[in-house]
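In: Got a predicted structure plus its sequence, pasted below:
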Amino acid sequence: MTRTKSLAALLAILVSSTALVAPAAAQEVGKYSNVQITGHILEPRKVEATDEKVQGLKVPQGFKVQVFARETVNPRILAVGPKGQVYASRRNVGDIIMLRDTNGDGQADETKVVVNRPNAHGLAVHEGKLYFTTIKDVYAADIKADGTLEEPRRIISDLPDAGQHPNRTIGFGPDGMLYISVGSTCNACDEANPENATMLRTKPDGTERTIFASGLRNTIGFDWSKDGKLWGMDHGIDWLGDNDQSEELNLIVEGKKYGWPFIYADQKINPQDNPPGEITLEQWASTSEEPALLYTAHAAPMQMAFYKGDMFPEEYRDDAFVAMRGSWNRKPPSGYEVVRIRFENGKPAGIEPFVTGFMSGSGDKFEHMGRLVGLAVAPDGALLFGDDENGVIYRVSHDGSAGSAAAGQTAPQSADVMQAKTASGGETQMGKQQTPADLAGKILDAAKAEKIGVTSPSFADDKMIPSRHAESGEKLSIPLAFANVPSAAKSLAVLVEDPDVKENPPFVHWIIANIPPDMKSLPEGIPGQPKLLDPEGVIQGANSFGSTGWYGMKPPAGDAPHHYHAQVFALDTMLDVAPGAGRAEFLDAMKGHVVGYGELVGTYQQRAPTEARAATKTDTKNK
């Protein structure tokens with residue numbers, strides 16, 4: 001949706017109900033709702049960041065704000081190198097700059113362009129390399145002794161297409177893996193590409209990409225706490241009114257879903273649409289994690305960092321800071337500040353303003369002197385944050401006086417009060433869906449069941465599966481045919497697994513269940529909806545990539561042919577499993593109910609290099 005910039009233009013979606021605040025299970029909202037929503041489009045006027053205005057910025061007692069660098073044009077994401085150099089991406093310029101404070105006075109005295117790439121955005125430093133993203137690509141470049149870069153190598157070339165949220169961000173977790181935040185293409189919609197609105201995870205070389213968590217509209221800012229947990233600030237849905245959707249702080253756990261686009265905040269329902277495939281709003285809510293904390297709607301959280309320095313007072317250690325870019329569709333405006341997330345005993349206890357004074361005005365007349373984006377902790381413990389409109393990077397330091405931070409905060413609390421809610425199930429531990437290494441048929445002792453005939457019009461037993469079923473092909477699910485289904489069967493279930501993967505075998509490619517026992521075949525190319533419309537009641541589970549439905553073959557290039565076991569189970573019951581559940585949940589539900597079993601094994605080998613590797617070789621050759 002194009003954003004209108006006229007001051008105080010009024011958005012009015014006028015119908016007849018205010019059911020938004022009712023409990024999720026009690027509401028009948030969605031595609032046929034009548035809900036009144038009133039909001040505003042109000043974008044404050046920009047003013048220059050003069051010395052006088054900078055001196056007016058407010059921070060807690062004992063802290064000081066100064067300008068680290070001016071005239072940087074468009075600094076977005078910040079990252080700090082091994083020798084204290086600061087990297088800043090400039091999306092609108094199409095490059096990355098390096099800034100250095102060579103004399104230790106807290107101001108950059110050297111600025112240099114280190115790489116040119118259109119749409120450069122996310123940055124991360126890891127093991128002597130600077131990693132950075134564009135819309136569809138991830139690059140890695142060795143850092144030279146002087147902080148400049150060797151020629152970047154493209155390690156990923158096929159991230160999802162852009163849309164409303166093209167700004168990918170990245171970070172390395174304690175596990176040494178690369179995490180990539182991919183925002184949604186829209187405000188609220190059913191995405192066609194399962195990698196949109198997710199947190200992805202890959203190896204440092206860009207291989208073995210999976211969906212780590214989903215239902216995240218746009219988690220630009222994320223970082224790991226000292227106990228290794230991943231926390232992220234997600235952008236709320238627009239057009240739900242001035243006070244909805246609140247910005248979310250989420251504990252991001254592997255395999256979990258976070259509600260978007262149908263459920264938001266503390267189990268509120270988005271009245272704009274219903275989930276696909278006959279999934280109810282109540283079912284969607286039951287599989288969605290609630291946020292740990294909520295903050296003022298439309299504040300627009302950007303880069304986030306846990307404080308691991310030693311300059312700030314002890315009570316700030318292991319808290320997190322977030323740059324809030326600021327609203328364009330709220331009256332009064334929100335954001336335009338740096339906030340502190342207080343943690344107590346490893347749990348978030350509240351969100352409070354830390355640097356304020358970028359916004360002024362009242363009524364219909366507001367002005368700002370900065371829209372904040374990047375934020376990082378410098379080696380000396382100072383906090384850096386940047387404004388991409390006035391081109392200023394700021395530095396917050398502390399004078400080291402004992403107890404000064406506790407003496408009282410000069411930065412006033414925002415007029416828009418922070419909303420806090422402890423997430424239910426927030427302490428859920430990470431866990432792989434495909435925990436058992438054995439194939440499902442062995443786990444369920446299916447050898448004792450009646451024999452089911454399983455064939456496919458696409459491939460014969462122990463023969464190559466056509467490339468149209470692979471991820472590099474048309475991504476079509478394999479067709480299967482069944483014979484000799486036991487008369488006691490009430491439903492069929494199919495699990496397709498690859499036990500030849502090197503890590504965490506087997507890799508689950510497909511789970512589909514509650515197939516009518518008189519259905520003699522599954523057609524090619526079944527859509528990836530959690531619940532199918534035809535035949536009614538058929539559900540699909542999560543594959544090991546993290547999406548729902550079929551995930552095509554994608555073995556590493558150069559591997560010997562992998563074996564893909566299409567296992568068919570006849571069950572004496574219909575499975576009571578949530579659509580989109582994982583392998584473990586389906587296997588638990590199937591135990592004791594298998595009355596028939598059959599298997600078809602196909603092979604597939606990735607003979608050609610992957611697209612990313614091919615692109616890297618092409619770049620190297622051309623340069």
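Out: Done, it's in.
In: Show me where the stretch 151-300 of the chain has its helices.
Out: 281-286 (DSSP state H, counting those that start in this stretch).
In: Ok, the chain next?
Out: Listed in chain order, the helices of the chain (DSSP state H) span 51-55, 281-286, 440-443, 583-590, 611-622.
In: Lowest average confidence across these, which one?
Out: Per-stretch mean pLDDT for the helices of the chain is lowest at helix 611-622 (a mean of 38).
In: how about low-confidence regions in this structure?
Out: Counting by pLDDT under 70, the chain contains low-confidence ranges at 1-33, 401-437, 608-623.
In: Per the annotation, how does it divide into domains?
Out: Domains of the chain are assigned by automatic domain parsing as 9-404, 440-604.
In: Export the ones you listed as CSV, with columns for mean neighbour count.
Out: All C-beta spots, glycine's among them, are computed from the backbone N, C-alpha and C. Listed next are the domains of the chain as CSV, based on neighbours: other Cβ atoms under 10 Å:
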stretch, mean neighbour count
domain 9-404, 19
domain 440-604, 19
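In: Residue most distant from the centroid, this protein?
Out: Residue farthest from the centre of the chain, counting by Cα atoms, centre = their mean, is residue 487 at 45.5 Å.
In: any idea how far that one lies from residue 453?
Out: Remark: distance between residue 487 and residue 453 (Cβ to Cβ, to the nearest Å) = 15 Å.
In: do the same with residue 179
Out: Using Cβ to Cβ, residue 179 is found at 44 Å from residue 453.
In: go on, residue 304?
Out: 55 Å.
In: repeat for residue 212
Out: 38 Å.
In: Repeat that for residue 274.
Out: On the measure of Cβ to Cβ, residue 274 and residue 453 end up 39 Å apart.
In: wait, residue 522 sits on residue 494?
Out: Yes - taking contacts as Cβ atoms under 8 Å, residue 522 lies within contact range of residue 494: 7.0 Å.
In: Need the residues touching each of those two.
Out: Counting by Cβ atoms under 8 Å, 6 or more residues apart in numbering, the common neighbours of residue 522 and residue 494 are 480, 512, 515.
In: Report the beta-bridge partner residues of the last one.
Out: Going back to what we said before, that points to residue 515. Legend: beta-bridge partners of residue 515 under DSSP bridges are residue 492.
In: Wait, it touches residue 491, no?
Out: Yes - here residue 515 reaches residue 491: they are 6.1 Å apart, a contact under Cβ under 8 Å.
In: Hmm, residue 267 is touching residue 285, no?
Out: Yes - under the criterion of Cβ under 8 Å, residue 267 makes contact with residue 285 at 5.5 Å.
In: so where do the strands sit in the stretch 301-450 of the chain?
Out: Taking DSSP state E, counting those that start in this stretch as the test, the strands found in the stretch 301-450 of the chain are 301-306, 320-324, 337-344, 347-355, 359-362, 365-368, 372-377, 383-387, 392-398, 419-420, 450-451.
In: can I get the ones you listed in JSON lines with distance to residue 148?
Out: Shown next, in JSON lines, are the strands of the stretch 301-450 of the chain (distance: least, Cβ to Cβ, whole Å):
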{"stretch": "strand 301-306", "distance to residue 148": "23"}
{"stretch": "strand 320-324", "distance to residue 148": "26"}
{"stretch": "strand 337-344", "distance to residue 148": "30"}
{"stretch": "strand 347-355", "distance to residue 148": "31"}
{"stretch": "strand 359-362", "distance to residue 148": "37"}
{"stretch": "strand 365-368", "distance to residue 148": "34"}
{"stretch": "strand 372-377", "distance to residue 148": "19"}
{"stretch": "strand 383-387", "distance to residue 148": "20"}
{"stretch": "strand 392-398", "distance to residue 148": "19"}
{"stretch": "strand 419-420", "distance to residue 148": "44"}
{"stretch": "strand 450-451", "distance to residue 148": "66"}
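In: quick one, which of those strands is nearest to residue 219?
Out: Closest to residue 219 of the strands of the stretch 301-450 of the chain, according to Cβ to Cβ: strand 301-306, at 8.6 Å.
In: so what does that closest one touch, helix or strand wise?
Out: Counting contacts by 3 or more Cβ pairs under 8 Å, 6 or more residues apart in numbering; DSSP states H and E, strand 301-306 is packed against strand 221-224, strand 230-234, strand 320-324, strand 372-377.
In: Can you list phi and psi of the spatially closest residue to residue 118 that is not a sequence neighbour for me?
Out: The shortest distance from residue 118 to any non-neighbouring residue, by Cβ to Cβ, 6 or more residues apart in numbering, is to residue 94 (4.4 Å). Per-residue torsions, residue 94: phi 90, psi 40 (degrees, to the nearest 10).
In: Verify the stated contact: residue 94 with residue 121.
Out: No - using Cβ under 8 Å, residue 94 is not in contact with residue 121; the gap is 10.5 Å.
In: Looking at the shared contacts of residue 522 and residue 494, which one is closest to residue 438?
Out: Of these, the one sitting nearest to residue 438 (Cβ to Cβ) turns out to be residue 512, at 20.3 Å.
In: what about the closest one, distance to residue 352?
Out: Going from residue 512 to residue 352 by Cβ to Cβ gives 48 Å.
In: Residue 458 too?
Out: 59 Å.
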